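**Q** kindly generate the corresponding structure for this input.
(one chain, ligands or ions: 1)
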Amino acid sequence: MSTSSIFSPELATLYKENNVKGIEEYVTSCIDDNGGLQSERFVRLNPRFCKDETLNLLKKEVASVFASSTDDLVKEMKMPMLKGLDFFSIPGKFSLQKSKIYTEGRIYGQDLSSGAAVAALSIDQKCALSNEPFKALDLCCCPGVKFCAIADLIEGMRKASTIEGFSGDVVMGVDIDPQRLYVCKKIVKKYHFDSLLASGSDCKMNDCDRNVRLMLYNSDGANFSVQNRGELFFDTVAEKEELKSCKTGNNRKRMNKSARARERKRLKALEKSENLKYNQDSNQDGFFDRVLVDAECSTDGSIKHLLERMKKKNDKDVGPNEKLSTKILSSNKSGNLDELHKLQRNLIVAGFQNLRKDGVMVYSTCSLSRYQNEEIVRHLLETFTNAFIIPFQSNDVEGFDGHAFLSDWNTIRFTFGKFGGFFLAKIGKR
Ligand SMILES: C[S@@+](CC[C@H](N)C(=O)[O-])C[C@H]1O[C@@H](n2cnc3c(N)ncnc32)[C@H](O)[C@@H]1O
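**A** This is a model prediction of the structure:
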């Protein structure tokens, strides 16, 4: 079967040029008559809740939907690469939207390749040895599942450390799109605050005082620096203050116009006072210990994106006779892949400039195109003599059933399929 039969010419060309085969068969086989997913999907446990408690609840929910033993239906994902992230596979037909524990914020829906991008930042015990606050940057952070996972790994690293009373760790998230930032803010609030306030879980809100700070900025990642951060859109420290001053935190009303204006004013004032602190800490080598550049891309590797488009085939959005494409390819048409490539180059350069010496940066996309992946990394290596590839090892791709493999310079490629087509490069700074 030729890939051009269901794909738009742009998408078919992209696959052909990158020698990607078998996608049409895969996409078609994934979807059932009702538009549901045939294969498995993946969830990650929110570490703010007791793991056993959440796992029991997940098994109960899955068992009640599928009326069978959950032994084969809920499986722990034990890939060495994903250690510490608590991923589980569940049936693709299990609806997260209808799940109580998902609505409560006990589990995230997240692809394994997306988890691998965060794991590749190597936020481990060694990071806890320094007495300095740990600082991470997520340059294209929305909707925010990786952003939350970075915070989770930092908190996990601190909890496992013997150094007590540590504070000052921060993750800054940047995105250019305010609409997507609203979604991200909702996600952070759901997983970091609302879920804990609403539940009778063992986790205490007080624990949050020693937690990592999450700050969201509405800014162009290509120009972002710690001295030039743009508009502070959300901050967990400000949110905690708001919650403390609010007697019935879990009954908070939706913000009206004046409350939103007050929040903006408060964030502006806060940002002004924080400016001095962060600017003082910055130096010429860059400010952040870890940087993730999960760049805007043509999303051609993402089964989720393609299936969403497939489901919309009968909508106005994608007319019934139109071929399957991704949002970016269909809205940009030909020629604009060059603009995307330029943006990706600018983002990886900005990410690298924000990285401190000896820090780790990950560049990732859910595209399978070399133009958006290897060529972007090559540009960085050619531009900065102090940039180098940190090669992944063979155990980093272990357990992914042949869907992940070491590629050029020992970067990682996930093939299109159940884990999500994805590219990952790990970069160091001398
Ligand atoms: C692939 S998505 C990121 C997904 C995110 N890392 C996650 O895991 O949820 C790319 C994001 O880049 C953002 N973006 C596009 N151009 C940008 C720019 N110049 N600066 C910052 N963000 C940008 C888009 O709005 C989009 O949210």
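**Q** break this structure into its domains for me.
**A** Annotated domains of the chain cover 3-111, 112-430 [automatic domain parsing].
**Q** as JSON lines, these with mean pLDDT would be great.
**A** What follows is these, written out as JSON lines (pLDDT from 0 to 100):
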{"stretch": "domain 3-111", "mean pLDDT": "87"}
{"stretch": "domain 112-430", "mean pLDDT": "85"}
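**Q** mind putting the ones you listed into a markdown table with mean neighbour count?
**A** For glycine as for every other residue, the C-beta is placed from the backbone atoms N, C-alpha and C. Compiled in a markdown table, the domains of the chain are given as follows (neighbours: other Cβ atoms under 10 Å):
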| stretch | mean neighbour count |
| --- | --- |
| domain 3-111 | 17 |
| domain 112-430 | 18 |
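**Q** just tell me which of those domains ends up closest to the ligand.
**A** Judged by Cβ to the nearest ligand atom, the one of these that comes nearest to the ligand is domain 112-430, at 3.1 Å.
**Q** now the domains of the chain as JSON lines including distance to the ligand?
**A** Putting the domains of the chain into JSON lines (distance: least, Cβ to the nearest ligand atom, whole Å) gives the following:
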{"stretch": "domain 3-111", "distance to the ligand": "8"}
{"stretch": "domain 112-430", "distance to the ligand": "3"}
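**Q** and stretch 264-273, how far out from the chain middle?
**A** 26 Å (Cα atoms, centre = their mean, to the nearest Å).
**Q** export that stretch to CSV, keeping only CA atoms.
**A** Presented in CSV, the C-alpha positions along stretch 264-273 are these (Å, rounded to 0.1, in the frame of the first residue of the first chain):
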residue,chain,number,x,y,z
ARG,A,264,-1.5,39.7,37.1
LYS,A,265,-0.5,42.7,39.3
ARG,A,266,0.7,40.4,42.0
LEU,A,267,2.8,38.4,39.6
LYS,A,268,4.3,41.5,38.1
ALA,A,269,5.3,42.8,41.6
LEU,A,270,6.7,39.3,42.4
GLU,A,271,8.6,39.1,39.2
LYS,A,272,10.2,42.5,39.9
SER,A,273,11.4,41.5,43.3
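**Q** what's next to that stretch, contact-wise?
**A** The contact list for stretch 264-273 (Cβ atoms under 8 Å, 6 or more residues apart in numbering) reads Arg229, Leu232, Phe233, Phe234, Asp235, Val237, Ala238.
**Q** please identify the helix or strand for the residue nearest to the spatial centre of the chain.
**A** Against the mean C-alpha coordinate of the chain, by Cα atoms, centre = their mean, the closest residue is Lys146 at 2.3 Å. Mapping Lys146 onto the secondary structure by DSSP states H and E places it in helix 145-159.
**Q** for Val183, same thing?
**A** Since the elements are taken from DSSP H and E, Val183 ends up inside helix 178-189.
**Q** related to what we said a few turns ago, helices or strands next to the helix holding Lys146 in the packing?
**A** Helix 145-159 makes packing contacts with strand 107-109, helix 112-119, strand 135-138, strand 170-175, helix 178-189, strand 288-294 when contacts are defined by 3 or more Cβ pairs under 8 Å, 6 or more residues apart in numbering; DSSP states H and E.
**Q** could you dump the ones you listed to a markdown table with distance to Val360?
**A** Rendered in a markdown table, the data for the helices and strands packed on helix 145-159 read as follows (distance: least, Cβ to Cβ, whole Å):
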| stretch | distance to Val360 |
| --- | --- |
| strand 107-109 | 23 |
| helix 112-119 | 11 |
| strand 135-138 | 10 |
| strand 170-175 | 14 |
| helix 178-189 | 23 |
| strand 288-294 | 6 |
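**Q** where exactly do the helices run in the chain?
**A** Secondary structure of the chain, counting by DSSP state H: helices at 9-17, 23-30, 51-66, 100-103, 112-119, 145-159, 178-189, 195-198, 236-244, 257-281, 303-311, 327-332, 337-353, 374-383.
**Q** Met77 is nearest to which of these?
**A** Closest approach to Met77 among these (Cβ to Cβ): helix 112-119, 6.3 Å.
**Q** tell me what angle the closest one forms with strand 288-294.
**A** 160 degrees (axes from the mean of the first three to the mean of the last three Cα atoms, to 10 degrees).
**Q** contact partners of helix 112-119?
**A** Helix 112-119 is contacted by residues 42, 44, 77, 79, 81-85, 87, 145-146, 149-150, 153, 292, 294, 362, 364, 366, 396, 400, 404, 412, 414, 419-422, 424 when judged by Cβ under 8 Å, 6+ apart.
**Q** 6 Å - rerun?
**A** Taking Cβ atoms under 6 Å, 6 or more residues apart in numbering as the criterion, the residues outside helix 112-119 that touch it are 42, 81-82, 85, 87, 146, 149-150, 362, 364, 414, 419-420, 422, 424.
**Q** again with stretch 401-409
**A** Residues from elsewhere that reach stretch 401-409 (Cβ under 6 Å, 6+ apart): Glu374, Ile389, Phe392, Val397, Ile412, Arg413, Phe414, Thr415, Gly417, Phe419.
**Q** can I get the contacts of stretch 264-273 in JSON lines with distance to Glu164?
**A** What follows is the contacts of stretch 264-273, written out as JSON lines (distance: Cβ to Cβ, whole Å):
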{"residue": "Arg229", "distance to Glu164": "30"}
{"residue": "Leu232", "distance to Glu164": "30"}
{"residue": "Phe233", "distance to Glu164": "32"}
{"residue": "Phe234", "distance to Glu164": "29"}
{"residue": "Asp235", "distance to Glu164": "25"}
{"residue": "Val237", "distance to Glu164": "21"}
{"residue": "Ala238", "distance to Glu164": "26"}
